[in-house]
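*Asks:* Pasting the sequence and the predicted coordinates here, then a few questions.
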Amino acid sequence: MVRLLRPFTRAVTYTRWLHLFIAVVWPCMWWFIDNTRMYLAAVPLAFAGLVPAMRTVEGLQAGPLLLGQRHDTQNPEIVAAPSVTWGDRGRTVLWLEFRLVLGFAVSFLTIHLPMLTVDLVHTARGGAPDPATFVHVPGSHWWHALLVPLPVIALGAVVVVSGKIVTVVARHLLGLSPTQRLAAMEERTEQLLERTRIARELHDSIGHALTVAVVQAGAARAADDPAFTERALDAIEETGRAALADLERVLGILRESERPVSSRPTLTDADRLLESARASGAKVDADLAGPLETVPGPVSREGYRILQESLTNVLRHAGSVPVRVRIRVADDTLALEVRNPLSADIPGPGRGSGLRGIRERAALLGGRAHTGPHEGDWQVHVELPLS
């Protein structure tokens with residue numbers, strides 16, 4: 001019982017009812033022109049639906065009244081925008097005609113069902129029914145009093161059911177077209193990919209900075225050498241500043257969703273990573289061959305992050321060990337390899353969000369990545385196509 005009464009406690013039930021009444025306001029003016037052919041009101045309505053702005057007007061009405069939808073809703077189910085294609089115009093015409101027919105039916109029942117209730121009360125008391133009521137009540141009988149609630153219940157059902165029907169139809173006829181839905185899905189996918197990329201960048205950049213800071217602080221404490229401590233503090237400061245710059249850029253992207261991504265580090269900035277690793281105690285042997293400046297932006301940026309995560313893993317799991325870095329650009333391929341001696345504290349081939357991120361970055365660019373033990377060393381080997 002409570003479930004049946006719940007719709008009557010919601011404001012949207014009555015705004016949908018109002019929406020159907022609005023549909024018949026201007027056609028009722030036709031009554032003063034020709035009350036015997038009211039159906040002719042549908043003709044100018046069909047031509048009105050071909051006007052692009054009519055779709056905007058209907059969307060502005062239907063969104064708030066049928067769905068309680070705000071005008072600034074991010075992903076509206078009903079769009080208040082002019083018709084762009086003939087398909088949009090055709091759907092607008094169908095919507096106007098449907099709303100007109102359903103509006104007339106609901107308005108008629110809204111007037112006559114209460115009249116029927118009044119007739120039942122009169123006939124139960126021995127009076128005569130109103131001849132204008134669409135249902136004729138025969139005779140005058142006391143038991144008509146038992147039927148009084150039925151028209152009221154029927155009116156409630158009409159209000160709720162018609163509101164649900166008009167809302168479903170509005171979603172189909174005033175909602176996004178298949179082309180618009182596809183465009184919205186693509187935009188949403190781009191947003192999700194951007195957020196995933198931002199999460200990876202935060203992991204790589206902040207994780208690298210914290211790893212360098214921890215390693216440097218531990219090494220400075222163990223060395224007990226003022227000169228070494230000074231160098232360690234310089235390295236921590238430089239790495240921290242770079243991480244803060246990355247963090248500020250990423251937060252700027254999150255604050256302004258339409259702001260273009262710019263100033264991201266590329267492989268031409270790899271020396272900064274190598275020097276940071278050396279300052280943290282790692283013995284880095286680097287060999288960078290080929291024109292790195294000609295590597296396409298997306299490949300170069302992702303290659304930089306892969307190198308950053310690889311060096312971070314070395315410092316985190318192996319410490320101050322010899323590291324061999326090889327970056328080569330040749331034959332339309334960027335090959336990146338980082339090797340270091342195996343240690344006891346190493347992640348498995350499929351574990352660790354950093355290693356998973358390396359493989360995902362490579363896969364998104366159409367490349368491949370191998371991470372794991374190889375010939376007595378721990379190896380990260382990545383190949384990315386340049387085309």
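*Replies:* In hand now; what should we look at?
*Asks:* okay, CA-based contacts and neighbour counts for the rest of this
*Replies:* Noted.
*Asks:* Beyond the helix or strand where G90 lies, next helix or strand please.
*Replies:* Taking DSSP states H and E as the definition, G90 sits inside helix 86-124. Sequence order places helix 149-173 as the next helix or strand after helix 86-124, per DSSP H and E.
*Asks:* Could you tell me how many residues sit around W26?
*Replies:* 10 (other C-alpha atoms under 10 Å).
*Asks:* I misspoke; the intended subject was W86.
*Replies:* Neighbour tally, W86, other C-alpha under 10 Å: 11.
*Asks:* gap between stretch 318-326 and the chain center?
*Replies:* Here stretch 318-326 is found 42 Å from its chain centre; the criterion is C-alpha atoms, centre = their mean, to the nearest Å.
*Asks:* and it, how far apart are its ends?
*Replies:* 19 Å (C-alpha to C-alpha, to the nearest Å).
*Asks:* Please identify which helix or strand holds the residue nearest to L202 when sequence neighbours are not counted.
*Replies:* If the residues on either side of it in the chain are set aside, L202 comes closest to L247, at 7.0 Å by C-alpha to C-alpha, 6 or more residues apart in numbering. Using DSSP H and E, L247 sits within helix 226-255.
*Asks:* avg pLDDT for that helix?
*Replies:* Helix 226-255 comes out with an average pLDDT of 72.
*Asks:* Restricting to C-alpha, output whichever helix or strand comes after that helix in CSV.
*Replies:* For helix 226-255, the succeeding helix or strand toward the C-terminus, using DSSP H and E, is helix 270-279. Presented in CSV, the C-alpha positions along helix 270-279 are these (Å, rounded to 0.1, in the frame of the first residue of the first chain):
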residue,chain,number,x,y,z
ALA,A,270,66.0,12.1,-19.4
ASP,A,271,69.3,13.5,-18.1
ARG,A,272,67.3,14.9,-15.1
LEU,A,273,66.2,11.5,-14.2
LEU,A,274,69.7,9.9,-14.6
GLU,A,275,71.3,12.6,-12.5
SER,A,276,68.7,12.2,-9.8
ALA,A,277,69.4,8.4,-9.7
ARG,A,278,73.1,9.0,-9.6
ALA,A,279,72.7,11.5,-6.8
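*Asks:* in the stretch 51-200 of the chain, what spans have low per-residue confidence?
*Replies:* 71-75, 178-194, 197-198 (pLDDT under 70).
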